[in-house]
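Visitor: structure for this input, please:
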Amino acid sequence: MMRIHQLLLAAALGLGAVVASAQTGVAAAAATANAEYKLGAGDVVRIVVYQNADLTLETRVSESGVISYPLLGNIRIGGLGISAAEKLIADGLKNGNFVKSPQVTLILLQVKGNQASVLGQVNRPGRFPIETADMRMTDLLANAGGVAPTGGDQLVLTGTRNGKPYRLEIDLPSVFGPSSEQGRANDVLIQNGDVLWVDRAPLVYIYGEVQRPGPMRLERGMTLLQALAAGGGLTQRGTERGIRVHRKDASGKVEVKQPAMDDGLKDGDVVYVKESLF
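Guide: From the prediction side, this is the model:
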């Protein structure tokens, strides 16, 4: 009796695993369908009907999302996923009694209808196609070759969402930080017409009695001491007592400060190291 009970329990558990696996497969298929690329104006497509070479067509989607297809005339495929467009054409051929069991394949040759731009301090600025509906900010940035050495950590994404202007400021390091939830929130989905702007890195300028005077990248949280170290340190004639920082206030007026070595610097600060009198 105990043996029969164990067998029944094992069978039930096995059936539950099969059902769970099937549900997982359905969910994955639904997610894939939702993430399918949506055809847009300007896209170039090739349509092939199996064993019907005369129905092969290579065409461009019009600004209104329409193509002209043999036997069917004008059909609207703009905004549809590829599989939905294939089904629309197949249903038209079947319902019109043109082809008994049409097998339609739509091939996307050129992506022109859905694009986003990357501007500013990146290695390859320009416009890039949005080839999948789940394209994210990091994917778009990677297409542009990543942030250039002169680029900073602050990004701005602009576009439209639900017909309204959209603007999001993104702190790039937070996308790859320890908080996966916050990173996912900042790594937003890209939509047609979006523009990603990568600002220049903040700079400070050091001159006077330092080994390597000139502009340098201001790292996050950089102190005066760290900036001097990045500039090679003071020369033999330089003195810490003669260091001054010239900084613009909110009105644009330049203020002269005498900071401590562990004080932080700001974008645009000019550090001057005086010569020692002794």
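Visitor: tally of neighbours for the closest residue in space to F128 that isn't next to it in sequence?
Guide: Nearest residue to F128 in three dimensions, chain neighbours excluded: N143, at 4.5 Å (Cβ to Cβ, 6 or more residues apart in numbering). Just so you know, the C-beta spots here come from the backbone N, C-alpha and C atoms, and that holds for glycine as well. Residues within reach of N143, counting by other Cβ atoms under 10 Å, total 19.
Visitor: hang on, N143 packs against I130?
Guide: No: using Cβ atoms under 8 Å, N143 makes no contact with I130, being 9.8 Å away.
Visitor: any idea how far D194 is from R161?
Guide: In this view, R161 and D194 are 10 Å apart by Cβ to Cβ, to the nearest Å.
Visitor: make that R60, sorry
Guide: 23 Å.
Visitor: same check on S251?
Guide: From S251 to D194 the distance is 35 Å (Cβ to Cβ).
Visitor: what's the answer for G208, then?
Guide: Counting by Cβ to Cβ - G208 and D194 are separated by 45 Å.
Visitor: so which of the two has more stuff around it?
Guide: D194 (24 against 19).
Visitor: can you tell me the closest non-neighbouring residue to that one?
Guide: Using Cβ to Cβ, 6+ apart, the closest residue to D194 is G159 (3.8 Å).
Visitor: helix or strand: which one has the one you found?
Guide: Secondary structure from DSSP states H and E places G159 in strand 151-161.
Visitor: any buried residues in that strand, and which?
Guide: 151-155, 157, 159 (16 or more other Cβ atoms under 10 Å).
Visitor: hmm, who's touching that strand?
Guide: 116, 120-122, 137, 141, 165-173, 188, 191, 193-202, 220 (Cβ atoms under 8 Å, 6 or more residues apart in numbering).
Visitor: need the buried residues of strand 151-161 in TSV with distance to P178 and pLDDT, can you?
Guide: Listed next are the buried residues of strand 151-161 as TSV, based on distance: Cβ to Cβ, whole Å; pLDDT from 0 to 100:
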residue	distance to P178	pLDDT
G151	23	95
G152	21	93
D153	16	92
Q154	20	92
L155	20	95
L157	23	96
G159	29	94
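Visitor: ok, now which ones touch I243?
Guide: By Cβ under 8 Å, 6+ apart, the neighbours of I243 are 224, 228, 258-259, 271-274.
Visitor: A260 versus the residue nearest the centre of the chain, what's the distance?
Guide: Nearest to the mean C-alpha position of the chain, by Cα atoms, centre = their mean, lies M137 at 1.5 Å. Note on M137: its distance to A260, by Cβ to Cβ, is 39 Å.
Visitor: please apply the same query to G233.
Guide: 17 Å.
Visitor: compare these two (neighbour count), which wins?
Guide: Taking other Cβ under 10 Å, G233 and A260 do not tie; G233 has more neighbours (14 against 9).
Visitor: chain neighbours aside, what residue packs nearest to that one?
Guide: Leaving aside its sequence neighbours, G233 sits nearest to Q211 (Cβ to Cβ, 6+ apart; 5.7 Å).
Visitor: so for stretch 65-80, mean pLDDT?
Guide: Averaging pLDDT along stretch 65-80 yields 92.
Visitor: likewise for stretch 126-138?
Guide: Mean pLDDT, stretch 126-138: 88.
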